[in-house]
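Asks: sharing a model that was predicted from the sequence below.
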Amino acid sequence: MTVAGHTSDPESGADAGRGDVLAPGRDEGRTERERREDVEARYGWRYTLGQLRRDPTAAAGLVVVGLVTLVAAVAWVDAVLFDFLAEFGVFAGLGVEQYALAKAVWTSPVAEPAGTPRLLPPVGLENQFGEGTLAHPLGTDHRGRDILLRLVYGSRVAIQVGFVAAVVGMLGGTVVGAVSGYYGGRVDDVLMRFVETLYSIPFLVLVLSLVAVLGARENLTIIMFVVGVVYVPEFARLIRSRVFSVREEVYVEAARAAGVSTPAIIRRHVIPNSITPVLVQGTLRVGTAILTVAGLSFLGFGVNPPTPSWGRMLSISRDYMIQNVWFSIWPGLAILITVVGFNLFGDGLRDALDPRLKN
Amino acid sequence: MTVGGQPLLDVQGLEKHYPVTQGFLNEEVGRVRAVDGISFDLAGGETFGIVGESGCGKTTAALALLRLVEPTGGTVLFRGEDVTDFDAERLKRFRREAGIIFQDPDSSFDPRMSVGDAVAEPLVVQGMDDTDRRREIVADLLERVGLSAADAERYPHEFSGGQKQRIALARALSVNPDLIVADEPVSALDVSTKAEIIALLDRLQAAFGLTLIVISHDLGVVREICDRVAVMYLGEFVEVGPTEELFADPQHPYTRALLSSIPTPDPAERGMGVELEGDVPDPESPPPGCRFHTRCPEVIPPDDLALSQDVWRRVLHFRQHVRDGVLDSEGIAELAALAADEATADDLAAVPAEAVHDVLRREYDLPDRLPDADAEAVLDRALDRIAAGDLDGARETLAEAFVTPCERETPPLEEHSPGREAACLLHEPAYSDVGRGE
């Protein structure tokens, strides 16, 4: 038998019948569809985005998230991509180097400029080191580097860390939770006990011990992944509870009846239909991951100096609080605004995706 | 399609029991006999109906048949091969030989998948990688079921129930199967749509040379499209026969009861007026003997009692309620209080025996004196015991005297006239002289 057989099937009987039997169906179909034209889809990204725009706090969150991400993306290109290109043989001839963009526009965020006063206050203010100037609108740090420039480049670390950690947590959690929830029984028991064990250890303690065990004091990549792995349990539990109900849906049974394999059912039907809460939680977790890694930087785990990062800036500025308090206020504000932005966006996303919460 | 007289499908003793487990070690404490040994065969191109009340195991039978749930017993021969023995690979191939349509069109589509993708999914599974070819087939199928090719881009929520059922048909047909099981294909639809879908099913069956199994609680639907019908009760078939003959001359009391429940537009014609009393028994502990005897209006009376069928049925009801604990002292006291117009129920002991007799006879519609003297004596004794609060004693008294052969003997599903099978003791020679409904 060929699966394509029906186009060549003798269908004289069917054709004769179309006139009387199928035609009324089509007419019914049309009017029916016209009536349904007004009914909007209650999901899909277009609808969700529309809902988000109607919610002012969520819109504010979206704007903050968008701006910070954009800035971070540019900084990433300049700090990471250009560095990679400069090192990588084939592209070395292009002549790009790390911070080429920053240097072209202004100056390197890591170089210590000769002659710039240290610890200058923001423009319009004055302290023992001098008067704030428009050349350094937010002031300078303990080595005379511009704080605004350092903030911009520090956003790259924050956003990268936030996204990578959240994505690692989401991916790991989704796979573990979906498999656990779909198979149930013993598989569920084993996976969930493991996940709960991980969950029972206080967050920061777990992160610190993993980082210590892996000897990754100054390896940002490993730190991001560790934070992501520590997020796995909550994502796993979140999606598992949804999978329990989705796996009972008739369309899953229908897919089985069509011969779709279990992994494919999980991938194509179960996960897409249970992912919503994970996406919302993921957005919220970007914020907490930024906070966590900033905290780790503050404790001395994280990027190597002189790479700018908000957590490190905060940590160093501690020693200069008396001389120039603005040195610590700016990175603190940057963290605050970014984290709040992600939280507002996440909350808005949850409302937009959950019709029950609507008034 | 029948090759050398071999049926397309030959089901023997199909069984699906769900274990009821308890405790940490998942000890089995019982089993729900959802499908308890059904057998039938099906020639190619035939339409076979399975009817029965909700919860009788129709859907489980369908799922077990296609191995969407693992049967716990029996064999399903599809073109001579045993489906219950298929390995993963053969089972996947079987998935394109046999499809299913589900009851609820609203939930049988993934809301995040376009209709075109949903219809094409079985094709993808069966390894058709050519996207253009797939799109062609989907377009053709959608048109055949009365929609337009452009509908492939739309999502399930944009369609009405009837349209979705058409799409479900298209999906089932996409791999050109030989057998389609339609599980309550139209029960979620309104009347006019229902008729269209049935007509479509009929037409597609002819066009594709399909063999159909239609599962429904709606006798009208089954009568419309089925060549043969099986009537199912508590996991078993009680009657199987050609549709018209079965409808014209039902051989099993359960079938008769079902048929008489069909409303007729003629107010003068009230059917046979058979009304089933009581609930469907728990499939975890089905009644012994004939499973229908607890509700059967034609349950066979013992030889030695001269009771009319009606009275006998009521006496048996009374006995069953005493036996199953439906009647307890508190309940009887309450009935008595109700009858005496008292607001609060006393203890049963405080109710005079006379009143207990009266109230129970009234409750079970029993005459003041049973026509048979022996039966009356037994009933009287039992009522006395109940009034004295001795329900166990009453149970024994009743169980000794009021016994129907239907609970002792299990009637086999046997052919008693060409093509017609029924599982009822009334067809056994020993009981053939027992009159019907006199």
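Replies: Cool, the structure landed.

Asks: now do the top helix by length along chain B, average pLDDT.
Replies: Longest helix in chain B, counting residues (DSSP state H): helix B:191-208. Regarding helix B:191-208, the rounded mean pLDDT is 90.

Asks: likewise for stretch B:229-249?
Replies: The average pLDDT within stretch B:229-249 is 92.

Asks: and that stretch, what's buried?
Replies: Within stretch B:229-249, the residues that count as buried by 16 or more other C-beta atoms under 10 Å in any protein chain shown are B:229-241, B:243, B:245-247. Yep, even glycine has a C-beta here, placed from its N, CA and C like the rest.

Asks: among those, name the ones in strands.
Replies: Members of the buried residues of stretch B:229-249 lying in strands (criterion: DSSP state E): B:V229, B:A230, B:V231, B:M232, B:Y233, B:E236, B:F237, B:V238, B:E239, B:V240, B:G241.

Asks: out of these, which is nearest to A:A352?
Replies: Taking C-beta to C-beta as the measure, A:A352 lies nearest B:M232 of these, at 47.2 Å.

Asks: the closest one and chain A: what is the separation?
Replies: 21 Å (C-beta to the nearest C-beta, to the nearest Å).

Asks: burial of the residue of the stretch 201-350 of chain B found nearest chain A, as a residue count?
Replies: Nearest residue of the stretch 201-350 of chain B to chain A: B:A207, at 3.7 Å (C-beta to the nearest C-beta). Residue neighbour count, defined by other C-beta atoms under 10 Å in any protein chain shown, stands at 19 for B:A207.

Asks: A:L220 reaches A:L296, doesn't it?
Replies: No: distance between A:L220 and A:L296: 9.6 Å, which falls outside the contact criterion (C-beta atoms under 8 Å).

Asks: tell me which helix or strand of chain B sits lowest on mean pLDDT?
Replies: helix B:329-339 (a mean of 78; mean pLDDT, DSSP states H and E).

Asks: which non-adjacent residue is nearest residue 262?
Replies: Picking chain A for this. Nearest residue to A:T262 in three dimensions, chain neighbours excluded: A:Y182, at 7.4 Å (C-beta to C-beta, 6 or more residues apart in numbering or on different chains).

Asks: I was thinking of chain B, sorry if that wasn't clear
Replies: B:L219 (5.6 Å).

Asks: the one you found and B:A170: what is the separation?
Replies: Here B:L219 is placed at a distance of 27 Å from B:A170 (C-beta to C-beta, to the nearest Å).

Asks: more neighbours: which of those two?
Replies: B:A170 (27 against 20).

Asks: separation between the more buried one and A:A264?
Replies: 21 Å.

Asks: again, but for A:T140
Replies: Distance of A:T140 to A:A264, given as C-beta to C-beta: 58 Å.

Asks: and for the closest residue to A:S315 other than its chain neighbours, the neighbour number?
Replies: Distances taken as C-beta to C-beta, 6+ apart put A:F298 closest to A:S315, at 4.4 Å, once the chain neighbours are dropped. Neighbours of A:F298 under the rule other C-beta under 10 Å: 18.

Asks: wait, A:F298 touches A:W310, no?
Replies: No: with contact defined as C-beta under 8 Å, A:F298 and A:W310 do not form a contacting pair (9.5 Å).

Asks: OK, contacts around whatever residue of the stretch 1-150 of chain B ends up closest to chain A?
Replies: Of all residues in the stretch 1-150 of chain B, B:R95 sits closest to chain A, with a separation of 3.1 Å (C-beta to the nearest C-beta). By C-beta atoms under 8 Å, 6 or more residues apart in numbering or on different chains, the residues touching B:R95 are A:A257, A:A258, A:G259, B:P122, B:V125, B:Q126, B:V175.

Asks: tell me how far stretch B:352-366 is from the chain's mean position?
Replies: Relative to the chain's own centre, stretch B:352-366 is displaced by 35 Å; criterion: C-alpha atoms, centre = their mean, to the nearest Å.

Asks: can you show me the CA trace of it as PDB?
Replies: Provided in PDB are the C-alpha atoms of stretch B:352-366 (Å, rounded to 0.1, in the frame of the first residue of the first chain):
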ATOM      1  CA  PRO B 352     -43.700  -0.900  64.900                       C
ATOM      2  CA  ALA B 353     -43.300  -4.100  62.800                       C
ATOM      3  CA  GLU B 354     -46.500  -3.400  61.000                       C
ATOM      4  CA  ALA B 355     -45.200  -0.100  59.800                       C
ATOM      5  CA  VAL B 356     -42.000  -1.600  58.500                       C
ATOM      6  CA  HIS B 357     -44.000  -4.200  56.600                       C
ATOM      7  CA  ASP B 358     -46.200  -1.500  55.000                       C
ATOM      8  CA  VAL B 359     -43.500   0.900  54.200                       C
ATOM      9  CA  LEU B 360     -41.200  -1.600  52.500                       C
ATOM     10  CA  ARG B 361     -44.000  -3.200  50.500                       C
ATOM     11  CA  ARG B 362     -44.900   0.200  49.300                       C
ATOM     12  CA  GLU B 363     -41.400   1.200  48.600                       C
ATOM     13  CA  TYR B 364     -40.800  -1.800  46.400                       C
ATOM     14  CA  ASP B 365     -44.200  -1.800  45.000                       C
ATOM     15  CA  LEU B 366     -45.000  -5.200  46.300                       C
END
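
Asks: how close does A:L206 get to A:Y231?
Replies: Applying C-beta to C-beta, the value for A:L206 to A:Y231 is 11 Å.

Asks: of the two, who's got more company?
Replies: Shown here are A:L206 and A:Y231; by other C-beta under 10 Å, A:Y231 has more neighbours (26 against 17).

Asks: wait, B:A168 touches B:F102, no?
Replies: Yes: in this structure, B:A168 is within contact of B:F102 by C-beta under 8 Å, at 6.8 Å.

Asks: please enumerate the strands of chain B.
Replies: In chain B, the strands defined using DSSP E lie at B:9-22, B:27-42, B:47-51, B:73-78, B:81-82, B:98-101, B:179-183, B:211-216, B:228-233, B:236-242, B:414-417, B:420-422.

Asks: which one of those has the lowest average pLDDT?
Replies: In terms of average pLDDT, strand B:414-417 trails the rest of the strands of chain B, at a mean of 82.

Asks: using the three-state scheme, assign A:A289.
Replies: Three-state call for A:A289 (DSSP: H, G, I helix; E, B strand; the rest coil): helix.
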